[in-house]
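> I would like the atomic coordinates for the input below:
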Amino acid sequence: MKKEAQYLDPCDWNTRPCWQVRNCPSESRNQCSVWQFEAGYYCWEINTNYCQGNLHLRLSEKKELCYQCEVYQGTLVKSEHAKEDKSS
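Predicted structure coming up:
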């Protein structure tokens with residue numbers, strides 16, 4: 001059975017960059033291209049990022065980590081809510 005992610009409050013989805021959501025220490029942020037390019041709202045799309053204490057050079061190295069991450073999953077849930085609102 002797949003482990004459920006710990007979801008953020010819906011008001012937080014896409015309003016805070018990943019380094020704030022995940023409470024990344026400054027030494028990790030300084031090594032991370034996501035932080036350097038201010039791309040924390042779609043961090044899973046960026047190669048060469050530093051997440052959960054490890055440097056990930058390619059998406060293939062980090063995809064399972066991303067799929068289980070509350071930042072990525074929160075965005076998917078928000079997307080589903082947007083689809084529901086349009087169909088109402």
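> Roughly how far does I46 sit from R58?
When distance is defined by CB to CB, to the nearest Å, I46 is 11 Å away from R58. C-beta: built from backbone N, CA, C; applies to glycine.
> Could you find the closest non-adjacent residue to the spatially most central residue of the chain?
Among the residues of the chain, V71 comes closest to the average C-alpha position under CA atoms, centre = their mean, at 3.2 Å. In space, and not counting its chain neighbours, V71 is closest to C18: 4.6 Å by CB to CB, 6 or more residues apart in numbering.
> Run a quick check on the one you found versus E45, I expect a contact.
No - using CB atoms under 8 Å, C18 makes no contact with E45, being 11.1 Å away.
> give me the number of residues near Q73?
Look at Q73: counted by other CB atoms under 10 Å, it has 18 neighbours.
> For I46 and R58, indicate the residue with more neighbours.
Taking neighbours as other CB under 10 Å, I46 and R58 compare with I46 leading, 20 against 9.
> thought that one was touching V34?
Yes - using CB under 8 Å, I46 and V34 qualify as a contacting pair, with a distance of 4.9 Å.
> Grab the nearest non-local neighbour of L57.
Per CB to CB, 6+ apart, closest to L57 is T48, 5.5 Å.
> Run through this protein and note the low-pLDDT ranges.
For the chain, the stretches with pLDDT under 70 are 1-14, 77-88.
> What are the boundaries of the helices in it?
Using DSSP state H, the helices of the chain run over 18-21, 26-29, 33-36, 59-67, 70-87.
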